[in-house]
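S.K.: Here is a sequence with its predicted model. Questions after.
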Amino acid sequence: MGSMMENLYNIGLFAATLTGAIGLYLMMPQRAAALRGVGVLLGLGFVALLWTVLGSRLPEVLGMAPWAFYYHYVFGFIAIASAVRVITHTQPVRAALWFIMVILASAGLLLTLSAEFVAFALIIVYGGAILVTYMFVLMLASQSSEAESEDASPMYDRRAREPLFAVLAGFVLLSTLLSFSFDAGRLPAAAVTGSLEASPLVMTQDERLPEAVVERKRADRTMTNLEAVGLDLFRSHPLAIELAGVILLVSLVGAVVIARTEVPDDEASRSSVSEA
């Protein structure tokens with residue numbers, strides 16, 4: 001009975017990922033409106049089927065409170081929908097804005113797992129450094145100052161290159177990761193409570209260590225590792241963090257100024273020179 005349920009679980013998982021792959025392929029740019037509508041429906045079916053298949057194992061793996069699952073589903077849906085818009089949008093700047101939504105939704109998922117420092121670090125790193133660099137490159141590489149319509153954008157923005165291979169590779173990787181992550185035989189054992197007995201080798205090494213010349217500061221046992229890293233980062237190195245933020249802000253303002261600078265057309269400049 002257990003093997004049959006495991007087979008049904010794997011079949012449902014692969015069916016969900018295949019449905020999502022087909023839906024994402026139909027939503028790629030330069031598809032007919034009807035096909036994109038079908039892709040949206042298949043994408044919603046992918047999310048519903050995936051959550052149905054994983055719903056029985058999420059509580060065991062994540063170990064969240066029942067109320068946190070509502071937020072988990074909301075943030076998960078926002079992250080998936082925003083990631084799809086990042087891939088399918090024809091304007092790179094707006095795709096970058098959807099990427100911000102992916103970051104915020106992923107941070108919300110981390111908050112439901114009580115990983116506050118990782119969530120804030122995700123926003124600082126991706127929403128700060130990486131996104132500013134991404135916007136800087138987009139502004140400088142843009143051929144037109146303002147693309148009012150999708151037809152005015154370059155061809156490489158309006159048509160996806162090798163979409164079938166990219167979509168299949170992505171969802172094969174997704175199905176493989178999900179099957180290994182939520183495999184009942186590979187789930188971690190219950191958490192160990194209490195202290196563990198040290199091995200004789202470790203005890204021997206500790207006994208051979210010389211006494212410390214300088215007394216070390218005792219760590220706060222009530223504080224988690226992430227909390228300790230966050231406190232040390234913002235308590236001992238606030239100037240470095242502020243300087244990094246100012247540099248990123250100045251680079252973003254400089255990118256906007258450079259991108260909005262109008263470069264005269266070669267033909268217009270030649271005609272003005274000939275008239276003169």
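M.R.: Right, received. Where do you want to start? Since the structure is predicted, the reported quantities are computational estimates derived from the model, not experimental observations.

S.K.: which regions of the protein lie under the pLDDT threshold?
M.R.: When residues are selected by pLDDT under 70, those of the chain lie in 1-6, 30-33, 56-66, 139-161, 182-221, 225-226, 259-276.

S.K.: The longest helix that it contains: which residues count as buried?
M.R.: In the chain, taking DSSP state H as the definition, the longest helix is helix 2-26. Using 16 or more other Cβ atoms under 10 Å as the test for burial, helix 2-26 gives 9, 13-26. Heads up, the C-betas are built off the backbone N, CA and C, glycines and all.

S.K.: Neighbours of Phe120, how many?
M.R.: 16 (other Cβ atoms under 10 Å).

S.K.: Helix, strand, or coil at it?
M.R.: Using DSSP: H, G, I helix; E, B strand; the rest coil, the three-state assignment for Phe120 comes out as helix.

S.K.: how much space between it and Val229?
M.R.: Per Cβ to Cβ, to the nearest Å, Phe120 is found 11 Å from Val229.

S.K.: got it, and Ala81?
M.R.: According to Cβ to Cβ, Ala81 stands 32 Å off from Val229.

S.K.: do the same with Ala119
M.R.: Look at Ala119 and Val229: by Cβ to Cβ, they are 13 Å apart.

S.K.: Can you tell me the SS state at Met28?
M.R.: Secondary structure state of Met28, per three-state DSSP, is coil.

S.K.: That one and His89 touch, don't they?
M.R.: No - applying Cβ atoms under 8 Å as the test, Met28 and His89 come out as separate, 10.6 Å apart.

S.K.: picking up where we left off before, looking at Ala119 and Val229, which one has more neighbours?
M.R.: Applying other Cβ under 10 Å to Ala119 and Val229 shows that Ala119 carries more neighbours, namely 21 against 14.

S.K.: May I have the residues that are in contact with that one?
M.R.: Residues in contact with Ala119 (Cβ atoms under 8 Å, 6 or more residues apart in numbering) are 106-108, 110-111.
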